[in-house]
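Asker: This is the structure alone, sequence omitted:
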DNA sequence: TCGATATATATCGGCTCTCGATATATCCTG
DNA sequence: CAGGATATATCGAGAGCCGATATATATCGA
């Protein structure tokens, strides 16, 4: 939809890896933590994302450890990964800001007594109740 | 992935409608405008999104006009739509902030001389070059 | 006048992504 | 010993987005 902005899952995986290398299951827990439980990255989503990010060169396999009999496969961000995450964060902040500004604009329009003068883009044949939400 | 956060396309449609009612093609242009050309909402995406948002009660058909022989179908946000957009904007701002903070943390870790003391979560058997991006 | 471009609607097939279920295996706790 | 946490991974189903396509009118330049 956008030029080439990443998926939500990819964004949160990169965010989880931004401070230090982590393994799959650790990413799952970290995403949950850093979002105060709001974002639940699913296991079924994780490995596909990890593969895609690796293929795109945004993350790399850092190392493999065996802790208490269980394999841990650690990933870390590449420079491209950091840059991509930074860009995406900027886009999101910009989008959030735009949305909030426009909501405020909408409220002002709904409050405004009666758009009499050069009312901008409104078609002069505007029917119904001017402005205001349903 | 998240509890029930909307899609990117839905977010931008709601944002485009936040200040005033618009018709389909107008939404397309407005999304392009408000994102400085960064977000290209496609025609093939639009009508599905419009239907879904209507079904979810986040937008409603405001009115229909015939301007210069062409039908224009205007949509506007409902109160639920405004609330949903506001919530989503908050989530996005939070996500963007978290990403940026963590990138900064990662850079500090990469710069830090040598993590000697109680190094937090790092496994004590940490091999390889501590921290740092590839 | 003819063709291209802009405006304006809408659908469809294909592809990608996410989810839930499932599978396997170890360790810890009750 | 059972259940839950840790840890990996795959698969099918469903949802969503894109590109192509279709239809129709208005405008503008060649």
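Answerer: Sure, I can see it. In this text the structure is predicted, and so the values were computed from the model without any measurement. Numbers count the residues shown, from 1 in each chain, chains lettered A, B, ... in the order given.
Asker: which residues touch residue A:16?
Answerer: A:22, A:26-27, A:30-31, A:34, B:102 (Cβ atoms under 8 Å, 6 or more residues apart in numbering or on different chains). Yep, even glycine has a C-beta here, placed from its N, CA and C like the rest.
Asker: Phi and psi next, for it.
Answerer: phi -60, psi -30 (degrees, to the nearest 10).
Asker: So among the contacts of residue A:16, which ones count as buried?
Answerer: A:22, A:26-27, A:30-31, A:34, B:102 (16 or more other Cβ atoms under 10 Å in any protein chain shown).
Asker: Buried residues, whichever helix in chain A runs longest. List them.
Answerer: Counting residues, the longest helix found in chain A (DSSP state H) is helix A:79-111. For helix A:79-111, burial by neighbour count (16+ other Cβ under 10 Å) applies to A:81-82, A:84-86, A:88-89, A:91-96, A:98-100, A:102-103, A:106-107, A:109.
Asker: Can you redo the buried ones among the contacts of residue A:16 as a markdown table, where the extra columns are distance to residue B:50 and secondary structure?
Answerer: Converted to a markdown table, the buried ones among the contacts of residue A:16 look like this (distance: Cβ to Cβ, whole Å; DSSP: H, G, I helix; E, B strand; the rest coil):
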| residue | distance to residue B:50 | secondary structure |
| --- | --- | --- |
| A:22 | 40 | strand |
| A:26 | 40 | helix |
| A:27 | 35 | helix |
| A:30 | 36 | helix |
| A:31 | 31 | helix |
| A:34 | 33 | helix |
| B:102 | 36 | helix |
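Asker: what's the farthest-apart pair in those residues?
Answerer: For the buried ones among the contacts of residue A:16, the farthest-apart pair by Cβ to Cβ is A:26 and B:102; their separation is 14.0 Å.
Asker: Could you confirm residue A:19 falls within a helix?
Answerer: No - Residue A:19: not assigned to a helix; according to DSSP: H, G, I helix; E, B strand; the rest coil it is coil.
Asker: Need the pLDDT of the residue lying closest to it once chain neighbours are set aside.
Answerer: Spatial nearest neighbour of residue A:19, excluding adjacent residues (Cβ to Cβ, 6 or more residues apart in numbering or on different chains): residue B:105 at 4.1 Å. Looking at residue B:105, its pLDDT is 91.
Asker: Repeat that for residue A:122.
Answerer: So, for residue A:122, pLDDT stands at 37.
Asker: quick revisit: restrict the buried residues of helix A:79-111 to those that also contact chain B, please.
Answerer: Applying Cβ under 8 Å from any Cβ of the partner chain to the buried residues of helix A:79-111, one finds that A:81-82, A:85-86, A:88-89, A:91-96, A:98-100, A:102-103, A:106, A:109 fall near chain B.
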